[in-house]
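> What would the 3D arrangement of this be:
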Amino acid sequence: MEPSRRAAWDAYLTLRVGVLPELDALPVRDHRVAARLAGLAVRIHEHAPLWADYGARLVAVVSRVRELQRVGDRSGLTGLLWVMVRWLFRISRGAVRLPGTSQ
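Down below sits the predicted model:
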């Protein structure tokens, strides 16, 4: 698997298997949730250049995710995390362009 797809798959698993289940079990403002999201943000920023159209959008979304976590907005946070899950899965399957964008 190419590096961009592998990085997307790893970030996908971090969200799907780590962050989302932990968010269901803990208060939104819990330091463990914050730590997981900080680690995810580092990973997203590091790999964004590999992900074409998705990269810049993921950087913006992960920044917003961290803001929502800090203010305790579970609904907004969960919604954006699911957007990230879908995008990361698409990247891991080989997508480089957002749906509806020109090439």
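> Please make it C-alpha for all contacts and neighbour counts, starting now.
Will do.
> residues touching the spatially most central residue of the chain, list them.
Against the mean C-alpha coordinate of the chain, by C-alpha atoms, centre = their mean, the closest residue is M84 at 4.2 Å. Contacts for M84 (C-alpha atoms under 8 Å, 6 or more residues apart in numbering) come out as 12, 58, 61.
> R43 now?
R43 is in contact with A11, counting by C-alpha under 8 Å, 6+ apart.
> okay, it: pLDDT?
We have a pLDDT of 93 for R43.
> Check R90 too.
R90 is assigned 93 on the pLDDT scale.
> now the helix or strand where D24 lies, how far from the centre of its chain.
Assessed by DSSP states H and E, D24 sits inside helix 20-25. Mean-position distance between helix 20-25 and its chain equals 14 Å (C-alpha atoms, centre = their mean, to the nearest Å).
> Stretch 84-98 too?
Distance, centroid of stretch 84-98 to centroid of chain: 11 Å (C-alpha atoms, centre = their mean).
> Surely A7 touches H45?
No. Judged on C-alpha atoms under 8 Å, A7 makes no contact with H45 at a distance of 11.4 Å.
> between those two, who's got more neighbours?
A7 (22 against 16; other C-alpha atoms under 10 Å).
> what's the distance between the residue lying closest to that one once chain neighbours are set aside and M84?
For A7, ignoring the flanking residues on the chain, the nearest one in space by C-alpha to C-alpha, 6 or more residues apart in numbering is H47 at 6.9 Å. Distance of H47 to M84, computed by C-alpha to C-alpha, to the nearest Å: 14 Å.
> Check V61 too.
On the measure of C-alpha to C-alpha, V61 and M84 end up 8 Å apart.
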